[in-house]
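A.B. asks: here are the coordinates; sequence isn't available:
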Ligand code: URP
Ligand code: ZN
Ligand code: ZN
């Protein structure tokens, strides 16, 4: 089966030109000015639209047992939502509890996705402890095609690891060429401040920010940078939210520490006033690190434009406003953390980043696709429009006008953090390895067709 995408404007990090793209089977086979449609080919007219490489979300949670509940999406709902928003590859975090066996955790996460996902996927392997078995098990997991780890310097008693475990994990990662992604907040300071705030009767969602201010995130980054410098491991800071934390990463990079930085679409367009909304409405906007003072948005957009920040993810973690967020109605520390955004990342980046001139189209493609593929050993199979690459393509209609609403979203959650927001442009056609999975916003893909992407470590 072949697919011909005609006349679209192809945009990659370093090129922009009008051409036809021929896909045969699962692969891009030819890019040229005028390609005659082979007999039986499906033809898509992309004139007047952009064609991007399929977007990759480097930080999502689909299966997430967390804070006494379970995130709402499954691979079936999550992959449909991803595709509707132009994301064709998911990198999920395997997050076994400290009490779980690491290898069994990996197999458990894999079982949630295999045969159930409509888009391709891989995992960062969560290292939530480092005991006598962990080293050998992580080696086995890397042998099975994983080339990145995930650690938490937050969530004391749940996923968080201590300094000896951090050191062992980074040493092993360095030896194996694995990149270590890290949630950076000082968990002791968070726990102490939470106790103080609750004791003072400060229980509302707005207190979440007070318990985890920018300095506490910056300290987490500084801490990781020290360990990265000592071990020489390659590191990647997930969901960086503020200027103070970025300054620590940049200072470390300047002295030779290997560090990449991810921010989230939520931090680029939302701010802490949302989490301060009255009548518990703010709970919709509780995540960690918290939404920050609005002044940080310019810092983050500038960081993307200037190359200080490498990627934009979602940290998708959907918990219902009715039934799950209220677990923390009387105590903000019990509000399940997360702001669902998987479906909206690209539309928001385009509408509020590109259309407003904060970043250009090439930067958008880089931070949401190509750079992600390069950092996580997926390039040029993913993140590229060139012969030989997987035919994951997003035909994006810049003339579409719409409004975000929970009523029309594919994500399996009962609210949208962006309810009523206008979007200018959206994916009209999305392909997964040569098959059309979204057409005019409607899912036409195949549940279970998504493949596990085996990766080989490169960060020696
Ligand atoms: O609030 C967040 N970020 N929820 C998901 C878990 C995590 O820390 O990534
Ligand atoms: Zn995190
Ligand atoms: Zn996360």
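C.D. replies: That came through fine. This is a predicted model, so every value here is computed, not measured. Numbers count the residues shown, from 1 in each chain. Ligands and ions are numbered 1, 2, ... in the order given.
A.B. asks: Going by C-alpha atoms from here, please, whenever you check contacts or count neighbours.
C.D. replies: Fine.
A.B. asks: what does this protein put close to ligand 1?
C.D. replies: Residues of the chain lying close to ligand 1 (CA under 6 Å from any ligand atom) are 287, 288, 315, 317, 337, 338.
A.B. asks: tell me which of these is nearest to residue 79?
C.D. replies: The shortest approach to residue 79 among these belongs to residue 317, at 13.5 Å (CA to CA).
A.B. asks: Quick check: nearest residue in space to residue 395, chain neighbours excluded?
C.D. replies: What sits nearest to residue 395 in space, not counting adjacent residues and going by CA to CA, 6 or more residues apart in numbering, is residue 51, at 4.5 Å.
A.B. asks: which element is that neighbour on?
C.D. replies: Per DSSP states H and E: residue 51 is located in strand 50-53.
A.B. asks: partners of that strand in the sheet?
C.D. replies: If you go by DSSP bridges, strand 50-53 pairs up with strand 2-12 (parallel), strand 393-403 (antiparallel).
A.B. asks: In the stretch 1-150 of the chain, what residue lies closest to ligand 1?
C.D. replies: Proximity to ligand 1, evaluated over the stretch 1-150 of the chain using CA to the nearest ligand atom, is greatest for residue 61 at 7.0 Å.
A.B. asks: what packs against the strand or helix carrying residue 438?
C.D. replies: For residue 438, the enclosing helix or strand under DSSP H and E is strand 435-439. Packing partners of strand 435-439 (3 or more CA pairs under 8 Å, 6 or more residues apart in numbering; DSSP states H and E): helix 75-84, strand 422-432.
A.B. asks: So for residue 45, which of the ones you listed sits nearest?
C.D. replies: For residue 45, the closest of those is strand 422-432, at 10.1 Å, according to CA to CA.
A.B. asks: What is the closest one packed up against?
C.D. replies: Packing partners of strand 422-432 (3+ CA pairs under 8 Å, 6+ apart): helix 75-84, strand 87-94, helix 345-349, strand 393-403, strand 435-439.
A.B. asks: contacting residues around the residue of the stretch 1-150 of the chain closest to ligand 1?
C.D. replies: 71, 92, 93, 315, 316, 317 (CA atoms under 8 Å, 6 or more residues apart in numbering).
A.B. asks: and the one residue in the chain that gets nearest to ligand 1, what helix or strand is that in?
C.D. replies: Ranking the residues of the chain by distance to ligand 1 (CA to the nearest ligand atom) places residue 287 first, at 3.3 Å. Residue 287 is part of no helix or strand when elements are defined by DSSP H and E.
A.B. asks: Spit out the contact partners of it.
C.D. replies: Here residue 287 is in contact with 336, 337, 338, 339 (CA under 8 Å, 6+ apart).
A.B. asks: Mind checking which of those residues are in strands?
C.D. replies: Using DSSP state E, no member of those falls within strands.
A.B. asks: CSV for those, including pLDDT, distance to residue 424 and neighbour count?
C.D. replies: Conversion of those to CSV gives the following (pLDDT from 0 to 100; distance: CA to CA, whole Å; neighbours: other CA atoms under 10 Å):
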residue, pLDDT, distance to residue 424, neighbour count
336, 98, 31, 28
337, 98, 29, 24
338, 98, 25, 24
339, 98, 22, 24
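A.B. asks: Excluding chain neighbours, give the residue nearest to residue 184 in space.
C.D. replies: Nearest non-adjacent residue to residue 184 (CA to CA, 6+ apart): residue 220, at 4.3 Å.
A.B. asks: separation between that neighbour and residue 277?
C.D. replies: Distance of residue 220 to residue 277, computed by CA to CA, to the nearest Å: 28 Å.
A.B. asks: So these two - more neighbours on which side?
C.D. replies: Using other CA atoms under 10 Å as the criterion, residue 220 and residue 277 rank with residue 220 on top: 23 against 16.
A.B. asks: so how far is the strand or helix carrying that one from its chain's centroid?
C.D. replies: Assigned by DSSP H and E, residue 220 belongs to helix 214-231. Taking CA atoms, centre = their mean, to the nearest Å, the mean C-alpha location of helix 214-231 is offset from the chain mean by 21 Å.
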